[in-house]
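K.L.:
Output the structure for:
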Amino acid sequence: MEQFDKYYKVSEWVIKHLEGRLSEEEKKQLDSWLLEAPHNQKLFNRLTDQHLLDVEFARFTANNKEDAWKKVLAGTNQSALGYSPSKRYIQFSKYVACALLLLLPTIWISKKLNPIALEEAPVEMLVNDIAPGGNKAILTLADGTMISLDEFNEGILAEQQNAFIRKNADGDLIYDLSNMGSNMESEISYNTITTPVGGQYKVVLPDGTKVWLNALSSLKFPVSFNGEYRTVQLTGEGYFEVYKNKEMPFIVNAGTSSIHVLGTHFNVSTYEKEGLVHTTLVEGSVRITQGSSSKMLSPGMQAITNRQHDIAITPIDIAEVVDWKNGYFLFRDQPIEELMRTIARWYDIDVQYQGDLKGKIFGGKFSKKDNLSELLKSLELTGTVKFSIEGRRVTVMP
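P.N.:
Residues are numbered from 1 along each chain as shown. Down below sits the predicted model:
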């Protein structure tokens, strides 16, 4: 109880600090605590990270607040009756739940380890971790030259036919066409951009179409779009904002499916292990062709195609599909195996399972900027699953 009281008090100081109502006496107490051990300052920085607080609060309010509060207390083995927050804190300011959720690992360690070990353990949990993925990709030119994009700074990377290939200040890959039509080649040359496990990348194609590639994906495209169609080949997952050109429709070949568009925004997922092609339309219209079958798709709908040439169209929450592009994982009632496949692609981990996990489904919104342990701790708060990390191997247990 003593250690819980201590960190509960720390959370109160942090909350008041964030809300600008910390008294002079409390400020002295907080400053004194910060000087007690090196890891205290690191923990304070984490607790006052506005981005992290926003993510934690969204996660907290996704559930019934009273139930969520009980889960917070369950993590410390405290009685909900003994530490029930006042209505002032439940309706509040978002900072109460966030502070305690982020302090849970420290509170747990404080109960399990002796006082000496406690001084360093929280640091180990926060800094010895698996970092998230980032902007990483390899561009393979038509002649076989391979360029590791994350190793280059802003500027021109190559000149190819009538295009300058450059990387802008935001890290995007851009094709700048010059002298279009004065040096047209009869044979079309293709480049391929490939993202590894733990990588993602944005590319602006020669026609101005923008494509965001998710982890473990590739896009094959011509150096310049000539002829009747603009055709590209996708594996993995990509989000497209197609430059409108009625005279030259845009076609994405993904698996056994073809997506025909004029100018629109849509997401295509075609990971091999999942065996399906998911096409989700955000705006505009597209036609899905699968063998001899063809169907039109309207915004807010998703087409699912398989190797048997079936096309199923269902309504979909667009945010759930495209939030990966905006820096988040958004899961809604997903089986643990599907959820972990997505996580594994981003954090470059191997996942194994122990025990019976059938029927376990999860939901929530998580930042892709978080280290792996932060995400897994949030999933553990459900009380239905546990994780252990050894190197880059994660074991999932009931």
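K.L.:
Residue ranges of each domain in the protein, please.
P.N.:
2-127, 134-321, 327-397 (automatic domain parsing).
K.L.:
Take these and lay them out in TSV including mean pLDDT.
P.N.:
Output for the domains of the chain, formatted as TSV (pLDDT from 0 to 100):
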stretch	mean pLDDT
domain 2-127	56
domain 134-321	89
domain 327-397	89
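K.L.:
With mean neighbour count as new columns, can those be given to me in a markdown table?
P.N.:
For glycine as for every other residue, the C-beta is placed from the backbone atoms N, C-alpha and C. Shown next, in a markdown table, are the domains of the chain (neighbours: other C-beta atoms under 10 Å):
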| stretch | mean neighbour count |
| --- | --- |
| domain 2-127 | 16 |
| domain 134-321 | 17 |
| domain 327-397 | 16 |
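K.L.:
Isn't Thr279 up against Asn267?
P.N.:
Yes - counting by C-beta atoms under 8 Å, Thr279 sits close enough to Asn267 to count as a contact (7.3 Å).
K.L.:
Confirm for me that Thr145 is in contact with Gln160.
P.N.:
No - counting by C-beta under 8 Å, Thr145 sits too far from Gln160 to count as a contact (9.3 Å).
K.L.:
can you list contacts of stretch 263-270?
P.N.:
Where contact means C-beta atoms under 8 Å, 6 or more residues apart in numbering, the residues beyond stretch 263-270 that reach it are 214, 234-245, 250, 252, 254-255, 257, 259, 276-286, 297, 321-322, 325.
K.L.:
Among those, which ones are in strands?
P.N.:
Cross-referencing the contacts of stretch 263-270 against strands under DSSP state E gives 234-241, 250, 252, 254, 257, 259, 277-283, 286, 297.
K.L.:
I'd like the distance between Lys27 and Ile288.
P.N.:
Lys27 sits 61 Å away from Ile288, going by C-beta to C-beta, to the nearest Å.
K.L.:
how long is stretch 287-294 from one end to the other?
P.N.:
Terminal residues of stretch 287-294 lie 7 Å apart, using C-alpha to C-alpha, to the nearest Å.
K.L.:
brain fart, stretch 209-220
P.N.:
From its first residue to its last, stretch 209-220 covers 14 Å (C-alpha to C-alpha).
K.L.:
Centre of the chain to it, how far?
P.N.:
15 Å (C-alpha atoms, centre = their mean, to the nearest Å).
K.L.:
likewise stretch 296-312?
P.N.:
Counting by C-alpha atoms, centre = their mean, stretch 296-312 is centred 24 Å from the centre of its parent chain.
K.L.:
Could I have the CA atoms of it written out in PDB?
P.N.:
Listed next in PDB are the C-alpha coordinates belonging to stretch 296-312 (Å, rounded to 0.1, in the frame of the first residue of the first chain):
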ATOM      1  CA  MET A 296     -18.300  -0.900 -58.900                       C
ATOM      2  CA  LEU A 297     -17.400   0.400 -55.400                       C
ATOM      3  CA  SER A 298     -18.700   3.500 -53.700                       C
ATOM      4  CA  PRO A 299     -17.200   5.400 -50.800                       C
ATOM      5  CA  GLY A 300     -17.300   3.800 -47.400                       C
ATOM      6  CA  MET A 301     -17.400   0.300 -49.000                       C
ATOM      7  CA  GLN A 302     -14.900  -2.400 -49.100                       C
ATOM      8  CA  ALA A 303     -14.500  -5.100 -51.800                       C
ATOM      9  CA  ILE A 304     -12.900  -8.400 -50.700                       C
ATOM     10  CA  THR A 305     -11.700 -10.800 -53.400                       C
ATOM     11  CA  ASN A 306     -10.200 -14.200 -53.300                       C
ATOM     12  CA  ARG A 307      -8.300 -16.600 -55.600                       C
ATOM     13  CA  GLN A 308     -11.700 -18.200 -56.600                       C
ATOM     14  CA  HIS A 309     -12.600 -14.900 -58.300                       C
ATOM     15  CA  ASP A 310     -15.300 -14.100 -55.800                       C
ATOM     16  CA  ILE A 311     -16.100 -10.400 -55.000                       C
ATOM     17  CA  ALA A 312     -17.900  -9.500 -51.800                       C
END
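K.L.:
Please report the distance of Met397 from Ala344.
P.N.:
When C-beta to C-beta is applied, the distance between Met397 and Ala344 equals 16 Å.
K.L.:
for Val396, that is, sorry about that
P.N.:
Using C-beta to C-beta, we find Val396 at a distance of 11 Å from Ala344.
K.L.:
Name the surrounding residues that touch stretch 209-216.
P.N.:
With contact meaning C-beta under 8 Å, 6+ apart, stretch 209-216 is reached by 133, 137, 193, 195-205, 219, 230, 232, 236-243, 250, 269, 271, 324-325, 345-346.
K.L.:
Can I take it that Asn191 is in a strand?
P.N.:
Yes - following the definition DSSP: H, G, I helix; E, B strand; the rest coil, Asn191 is counted among the residues of a strand.
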